[in-house]
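# Structure of the sequence below:
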Amino acid sequence: MYSVKFTTILFICLLVPFLLRLMRYEPYPAILFPSGPQTVKSIQGKIKVEIKQLFAQNKHGQWRLVEPRNFMYPAPAPYLTNLIYKDMGFKKAKPKLFNGKYPVVNYLFRSQNDESTPQDLTELRTWIQERLEKNNYQTSQIKVATYSHTISTINGEILERELKNEKYYALD
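Okay, here's the model as predicted:
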């Protein structure tokens, strides 16, 4: 009988964070671990993947793909992908859960509701500009482009490349 009670209590305790995670909210500190790698559907020997890439203007004003290894050095190159997917670090405040009425909920989600301060934004812009200058790019703006690639599962060849979205960030 004790094991049924314990199992029921444990189920209820883990159900709440699971439901919050389904709504794209996760309390801090996280109770559930990351779900792991994403799966991709294969339809008629093709898969579709969205890729975000960082571009900057060279000294002649032409947009060029930024090489992650050179841009992020000495940090690992894969960190650039995380930076791109998080709006290059330009945080905007998310709407508060339950309109911010409950202090406990605000406290649990404090890491997700932070907004960048003007000092943080200045420091971020300076950091990006220094990296761009070091790699011989103009320091006025950057562009993040989202591409949809259709890839053949038979030979790995890119069959189609479609531009979905472009987002520009002014650094001056």
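# tell me the domain ranges of this structure?
1-37, 44-170 (automatic domain parsing).
# Tabulate the ones you listed (TSV), appending mean neighbour count.
Where C-beta positions appear, they are placed from N, C-alpha and C, glycine not excepted. Shown next, in TSV, are the domains of the chain (neighbours: other C-beta atoms under 10 Å):
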stretch	mean neighbour count
domain 1-37	10
domain 44-170	13
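# Any idea which of these has the lowest pLDDT on average?
With a mean of 72, domain 1-37 has the lowest mean pLDDT of those.
# show me what contacts residue 157?
Counting by C-beta atoms under 8 Å, 6 or more residues apart in numbering, residue 157 makes contact with residue 151.
# Contacts for the helix or strand hosting residue 165 next, please.
When elements are assigned from DSSP states H and E, residue 165 belongs to strand 158-170. Residues from elsewhere that reach strand 158-170 (C-beta under 8 Å, 6+ apart): 46, 50, 87-88, 90, 128, 140-152.
# Could I have the CA atoms of that strand written out in CSV?
Taking C-alpha atoms only, strand 158-170 is exported to CSV below (Å, rounded to 0.1, in the frame of the first residue of the first chain):
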residue,chain,number,x,y,z
ILE,A,158,20.7,19.4,-50.9
LEU,A,159,17.8,19.3,-53.4
GLU,A,160,16.3,22.7,-52.5
ARG,A,161,17.3,25.7,-50.5
GLU,A,162,14.7,28.3,-49.7
LEU,A,163,15.1,31.5,-47.8
LYS,A,164,12.4,31.7,-45.1
ASN,A,165,13.3,34.7,-43.1
GLU,A,166,15.9,37.4,-42.6
LYS,A,167,16.4,39.4,-39.4
TYR,A,168,18.7,42.4,-39.2
TYR,A,169,20.4,43.6,-36.0
ALA,A,170,21.8,47.2,-36.0
